[in-house]
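Student: mind folding the following:
(one chain, ligands or ions: 1)
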Amino acid sequence: MRYSRIIGTGSYLPETVLTNAELEQRVDTTDQWIRERTGIRERRVAAPDQTTCDLAEMAARRAMEAAGVDPSEIDLLILGTTTPDLVFPSTACLLQTRLGLGECGAFDLNAACSGFIYGLSVADQFIRAGTAEKVLVIGAETLTRMLDWNDRSTCVLFGDGAGAVVLAADEKPGIMSTHIHANGHYSDLLGTSVGVSRGFKAEERGGVRVKMKGNEVFKVAVNTLGRIVDETLAANNLEKHDLDWLIPHQANLRIIKATARKLDMSMDQVIVTVDQHGNTSAASVPLALDEAVRSGRVKRGEKLLLEAFGGGFTWGAALVRY
Ligand code: UT7
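Tutor: Here you go, the predicted structure:
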């Protein structure tokens, strides 16, 4: 059998830290509210001249270095992002040149916060099919660029960052299974109200802004993530206690805890970065994975359950033997 395996991880966070205390100065909020309702203490914000491509480049270089892979060996580049540098060319194409890859396929994938899990799923299919040997999968976002800094219900939640993995073909898994889903009926609960084809109204030319009905998103997220972890375990004939680690999307500590409870996992088995990163959308899972690997917590051979949920709605999971 042919599988894909993660052979290197990398991540990057911009230098500027934005604390809850600083947000107290901007909007009617408190550090206590943000910590109690979300678990977030601080988040990173990209420098004015830093773009998603810059963040992705750093994460990708670190992942390739960890994997011991030369850029010329990469034969597919998938970049999960909702905040591309330009409408087109894709950020993946800009990045391909920066990294000095060959003329491999390169594309952006927009599945909001599930972008990395979707990318992992696509990459896994390419490798299993024998179409690719080594694939670079990245989640990178500059979501703070589309926040309304006067809207306390959204501006406290998000941060910027990037995470990446190199996948390679192997005889043993690796990625044991991936599962992706979407339901467009919920498109009004989380997203932006303006875009290219729908046009920008004059008063909204200031930019695209994230809008969210947080409470409703919360309820669907908890239920949906509960279902996707069941689906993933069942597909692999595994029980909850077979898992070593949960590496969840980092939107809200209360959602993470609900999924951990569902899996009967102690919080010692859950990688949490939301306190320091906030919600970095497609970057959140690979950022958490890289931190877990580099800190020595996640070890080779362990079973990881990666999951994400985001605008669309989109959601997905991957069961990985690291
Ligand atoms: O990554 C993509 C998926 N996204 C998510 O999964 C996010 C899901 N949603 C959430 O994480 C939570 O719903 C939030 C953190 C966004 C909000 O927490 P909540 O416990 O659901 O609060 P709420 O929206 O029900 O609001 C409760 C109260 C409201 O005031 P009233 O109406 O009770 O007087 C809000 O106006 O909290 C108020 N509020 C705030 N207060 C202080 C909302 N934002 C803030 C704030 N500071 N920043």
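Student: rest of the way, CA atoms for contacts and neighbours
Tutor: Noted.
Student: can I assume Ala60 is in contact with Ala140?
Tutor: No - using C-alpha atoms under 8 Å as the test, Ala60 is too far from Ala140 to be in contact (9.9 Å).
Student: so those two - more neighbours on which side?
Tutor: Legend: neighbour count by other C-alpha atoms under 10 Å for Ala60 and Ala140, higher for Ala140 (38 against 30).
Student: from the ligand, how far out is that one?
Tutor: For Ala140, the distance to the ligand (C-alpha to the nearest ligand atom, to the nearest Å) stands at 14 Å.
Student: next one: Leu319
Tutor: Applying C-alpha to the nearest ligand atom, the value for Leu319 to the ligand is 20 Å.
Student: restricting to C-alpha, output the helix or strand where that residue lies in CSV.
Tutor: Secondary structure from DSSP states H and E places Leu319 in strand 314-321. Taking Å, rounded to 0.1, in the frame of the first residue of the first chain, the C-alpha atoms of strand 314-321 are listed here in CSV:
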residue,chain,number,x,y,z
THR,A,314,-16.7,23.7,6.4
TRP,A,315,-15.2,21.1,8.7
GLY,A,316,-12.9,18.2,8.6
ALA,A,317,-10.6,15.8,10.4
ALA,A,318,-7.4,13.8,9.8
LEU,A,319,-6.2,10.8,11.7
VAL,A,320,-2.4,10.7,11.6
ARG,A,321,0.2,8.3,12.9
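Student: give the bridge partners for His181, please.
Tutor: Note on His181: beta-bridge partners by DSSP bridges are Trp315.
Student: can you pull the pLDDT of it?
Tutor: At His181, the pLDDT value in this model is 98.
Student: name all residues that make contact with it.
Tutor: With contact taken as C-alpha atoms under 8 Å, 6 or more residues apart in numbering, His181 is in contact with Thr314, Trp315, Gly316.
Student: got the residues of the stretch 151-300 of the chain near the ligand?
Tutor: By C-alpha under 6 Å from any ligand atom, the residues of the stretch 151-300 of the chain that approach the ligand are Arg152, Ser153, Val156, Gly214, Asn215, Val217, Phe218, Ala221, Ala251, Asn252, Ser281.
Student: again, 8 Å this time
Tutor: Contacts of the stretch 151-300 of the chain with the ligand, taken as C-alpha under 8 Å from any ligand atom, map to 151-157, 190, 212-219, 221, 249-252, 254-255, 279-281.
Student: got the CA positions of the helix ranked longest in the chain in CSV?
Tutor: When the chain is parsed with DSSP state H, its longest helix is helix 214-235. The C-alpha trace of helix 214-235 is given here as CSV (Å, rounded to 0.1, in the frame of the first residue of the first chain):
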residue,chain,number,x,y,z
GLY,A,214,-20.7,33.8,17.4
ASN,A,215,-23.2,32.2,19.6
GLU,A,216,-24.9,30.3,16.8
VAL,A,217,-21.6,29.3,15.3
PHE,A,218,-20.5,28.0,18.7
LYS,A,219,-23.4,25.6,19.0
VAL,A,220,-23.0,24.1,15.5
ALA,A,221,-19.2,23.9,15.9
VAL,A,222,-19.5,21.8,19.1
ASN,A,223,-22.1,19.4,17.6
THR,A,224,-20.3,19.1,14.3
LEU,A,225,-16.9,18.5,15.8
GLY,A,226,-18.5,15.8,18.0
ARG,A,227,-19.8,14.1,14.9
ILE,A,228,-16.5,14.3,12.9
VAL,A,229,-14.4,12.8,15.6
ASP,A,230,-16.9,9.9,15.8
GLU,A,231,-16.7,9.5,12.0
THR,A,232,-12.9,9.5,12.0
LEU,A,233,-12.6,6.9,14.8
ALA,A,234,-15.2,4.6,13.2
ALA,A,235,-13.5,4.8,9.8
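Student: can you give me the domain boundaries for this protein?
Tutor: Following automatic domain parsing, the chain resolves into domains at 3-173, 176-321.
Student: would you tell me which one of the ones you listed is buried the most?
Tutor: domain 3-173 (a mean of 21; mean count of other C-alpha atoms under 10 Å).
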